[in-house]
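> return a 3D structure for these sequence lines:
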Amino acid sequence: MVFANPVAPELVSGAFYDRLAIPFYLSAVKLEGDFATSRFDRELRLFRQFVTRGAVLDVGCSTGAFLGELQRRFPGDYSATGTDVAGAALDHAAARGQVGVDGAEEALAQIVRFEQVTEVQQRGGVRHAFGTQINAGKLL
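Numbers count the residues shown, from 1 in each chain. Reported below is the predicted structural model:
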């Protein structure tokens, strides 16, 4: 992880992500890859080993593909919420209706309601950002 100080103003305001919405997040090629049924085979297999049901928050959900596939393959096992700094990608996730979408502040303020908080890396791994379980408001 890289930290920058000072942070570029367009990153703080979200303008950077808004500028990338159409050429990246919502490009036909990216969406086709994101929503390919085989896209998350390995990640979902690994995820299911540790979390068989419950409320899941995907920090950095982009277009919601991981959470949508989680719910498609395992209907009724998960309630899925995604959050992302890229507003256009988050709007796309919400429009598909497969995932609940929260603003980052709201989702993180209510983190105790989630059994699992995860981040799916584009390189194909699942990063359990806050450990495998959250219990009574304590990160385990």
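
> check contacts around residue 30.
Counting by C-beta atoms under 8 Å, 6 or more residues apart in numbering, residue 30 makes contact with 24, 63. Where you see a C-beta, it was placed from the backbone N, CA and C, and this is true even at glycine.

> am I right that it falls within a helix?
Yes. Applying DSSP: H, G, I helix; E, B strand; the rest coil, one finds residue 30 inside a helix.

> I'd like the numbering to begin with 10 instead of 1 from here.
Yep, numbering from 10; the last one is residue 39 now.

> could you pull out the buried residues of stretch 87-99?
Taking 16 or more other C-beta atoms under 10 Å as the neighbour-count basis, stretch 87-99 is seen to contain the buried residues 87, 88, 89, 90, 91, 92, 93, 95, 97, 98, 99.

> go through those residues and name the one nearest residue 13.
Taking C-beta to C-beta as the measure, residue 13 lies nearest residue 95 of these, at 18.1 Å.
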